[in-house]
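>>> Below are the sequence and a predicted model; questions follow.
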Amino acid sequence: MREPLTEEKVFKDPVHDYVYVQDQTIWELINTKEFQRLRRIRQLGTTYLTFHGAEHSRFSHSLGVYEITRRIISQFERHGYPDWPTEERLVSLCAALLHDVGHGPFSHSLEEIFDTDHEVWTCHILLGDTDINKVLRQVSDDFPDQVAAVIQKTYPKPIVVSLISSQMDADRMDYLLRDAYFTGVNYGTFDLERILRVLRPYQGKIVVKESGMHAVEHYLMSRYQMYWQIYFHPVTRSSEIILRQIFRRAQELNEQGYAFRWMSGPLKQLLNNTLQLDDYLKLDEPLAQTAFAEWADESDELLSDLCRRFLHRQLYKYVTIDNPDETLLLEVTDALQAIGLNPDYHMEIDYPFDLPYDVYRPDQNNGEKREKAPILLLDSEDRISEISVKSDIVRSITGLHQGQYHLYFPEEPLRQNKALLSERMVKLFKLD
């Protein structure tokens, strides 16, 4: 085990006030080039095009997750709870700090396009020829594998995994508070101090004292509001659609042998699905934005138009529709084609449901997919129950989806060719 820092390091933080670093390993990990790369990746992807303050990075979020985890463990150790394995402190802190180090530019949007998984890349970074791996190996030769096992949720002690990945983990607690702060909204806030005070290690799990149930209800309602008001905001969904279309078109052109006027090596490998770790680590949002600026002048009109829309925030308009059927979609497709648009790129039906942003699910397992551990209450008789059994509020939002279907399209060409559209289409697109 490595010695602690001779002098505690402190980061000033707008959400937690201060982030305290007391371990040499944590300090060295923060200063690796792989972790510093997270400064160049926004926490909320394209949300800055909707909420202009949402410019915060994966770097600041990762520090926040580390700090919440540190405070939870410090409380467990301060009270001497016998069910907390004190030897797991460093692996828990390292996993908290590094859990997002594998994110690429625009995070989940990029993953959807290229069928990648940031947790897989995180493990490649932990286990590959990287500065992070070198720092972790100074603890022990198998320490990188231990941290990777926490990320993969295969670590033999579930209590460690649940600190980083559960229905009420340090990751979610930080991003809700941080995202609310930087988007300027109030409904993402909750009483973090109270929640931390009522957390307990018990029989290999993290549980909540039943007296703290109302603080957890507040936390879950804050999640519910943030998902529908921020993460599923229809304008943000529009920017994500255009982002996906840019990469789809670039990939399509690449497969056709199109000669791009500008292309970087990492982007070329991304489009070819041949990315190696060194080039993946060169992918960040400044590189992607540079590509969009260059591709805005490409001879392919579709790619250039999509890039200009993204760069200049000329997003697709949206209208709300009820349960779109095949007949309606065929009619919309014909209308777009009649005025020279490409329905594959100029029309999208979106329903806001994403697994990274589920509100609350009480079941740990859902078929083949490993779900996050549920929130468990501990009563005065040392009995455990899942929170939705005791809380009417939580039960009412469990598995709840109240999204609406939105039809996205470029408004300008439709308005310019309004005379060629049927009255039904004019009304649907709200061009009258």
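Thanks, I have the structure now. Since the model is a prediction, treat every value here as computed from it, not as a measurement.
>>> quick one: buried residues of stretch 100-118?
Under the neighbour-count criterion of 16 or more other C-beta atoms under 10 Å, stretch 100-118 has 100-111, 113, 116, 118 buried. No exception for glycine: its C-beta is placed from N, CA and C like everyone else's.
>>> hang on, I meant stretch 319-339
Those buried within stretch 319-339 under the rule 16+ other C-beta under 10 Å are 321, 328, 332, 335-336.
>>> Restricted to helices, list those.
Applying DSSP state H to the buried residues of stretch 319-339, the entries found in helices are 328, 332, 335-336.
>>> Now for these: which two are most distant?
L328 and L336 (12.8 Å; C-beta to C-beta).
>>> just to revisit the earlier point, in the buried residues of stretch 100-118, find the pair that's most separated.
Taking C-beta to C-beta as the measure, the buried residues of stretch 100-118 span a maximum distance of 20.4 Å, between V101 and I113.
>>> Quick check: can you list the domain ranges of this protein?
4-232+377-397, 233-313, 316-359+400-432 (automatic domain parsing).
>>> gap between the last one and the chain center?
For domain 316-359+400-432, the separation from the chain centroid amounts to 26 Å (computed by C-alpha atoms, centre = their mean, to the nearest Å).
>>> mean pLDDT lowest for which of the domains of the chain?
When the domains of the chain are compared on mean pLDDT, domain 316-359+400-432 scores lowest, with a mean of 88.
>>> tell me the pLDDT at K372?
77.
>>> could you show me where the helices are in the stretch 101-250 of the chain, in order?
108-114, 118-127, 131-137, 143-151, 158-164, 170-183, 192-198, 213-226, 234-255 (DSSP state H, counting those that start in this stretch).
>>> who touches stretch 103-117?
Defining contact as C-beta atoms under 8 Å, 6 or more residues apart in numbering, one finds that stretch 103-117 is touched by 38, 41-43, 45-46, 58, 118, 121, 240, 243-244, 247-248, 251, 270, 273, 280, 283-285, 287-288, 354, 356.
>>> Wait, a strand at P362?
No: using DSSP: H, G, I helix; E, B strand; the rest coil, the assignment for P362 is coil, not a strand.
>>> ok, how many other residues are close to it?
Number of residues near P362 (other C-beta atoms under 10 Å) recorded here: 17.
>>> Just confirm it contacts P374, I think it does.
Yes: using C-beta atoms under 8 Å, P362 is in contact with P374, at 4.9 Å.
>>> Please identify every residue contacting each of these two.
386-387.
>>> and the helices of the stretch 101-250 of the chain as a markdown table, adding distance to E77?
Shown next, in a markdown table, are the helices of the stretch 101-250 of the chain (distance: least, C-beta to C-beta, whole Å):
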| stretch | distance to E77 |
| --- | --- |
| helix 108-114 | 35 |
| helix 118-127 | 25 |
| helix 131-137 | 22 |
| helix 143-151 | 18 |
| helix 158-164 | 13 |
| helix 170-183 | 16 |
| helix 192-198 | 13 |
| helix 213-226 | 22 |
| helix 234-255 | 40 |
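>>> do you know which of the ones you listed lies nearest M347?
Checked against C-beta to C-beta, the stretch from the helices of the stretch 101-250 of the chain lying closest is helix 234-255, at 9.9 Å.
>>> From the contact counts, what lies against that closest one?
helix 108-114, helix 265-272, helix 285-295, helix 301-311, strand 317-321, helix 343-346, strand 348-350, strand 405-409 (3 or more C-beta pairs under 8 Å, 6 or more residues apart in numbering; DSSP states H and E).
>>> mind redoing it with 6 Å?
With contacts taken as 3 or more C-beta pairs under 6 Å, 6 or more residues apart in numbering; DSSP states H and E, helix 234-255 sits against helix 108-114, helix 265-272, helix 301-311, strand 405-409.
>>> got JSON lines for these, with distance to H79 too?
Listed next are the helices and strands packed on helix 234-255 as JSON lines, based on distance: least, C-beta to C-beta, whole Å:
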{"stretch": "helix 108-114", "distance to H79": "37"}
{"stretch": "helix 265-272", "distance to H79": "48"}
{"stretch": "helix 301-311", "distance to H79": "51"}
{"stretch": "strand 405-409", "distance to H79": "49"}
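>>> For E255, which of the ones you listed is the nearest?
Comparison of these against E255 by C-beta to C-beta identifies helix 265-272 as nearest, at 8.2 Å.
>>> Which residues does the following helix or strand past that closest one contact?
Remark: after helix 265-272, the chain's next helix or strand is helix 277-280, criterion DSSP states H and E. With contacts defined as C-beta atoms under 6 Å, 6 or more residues apart in numbering, helix 277-280 is touched by 124, 128, 266, 269.
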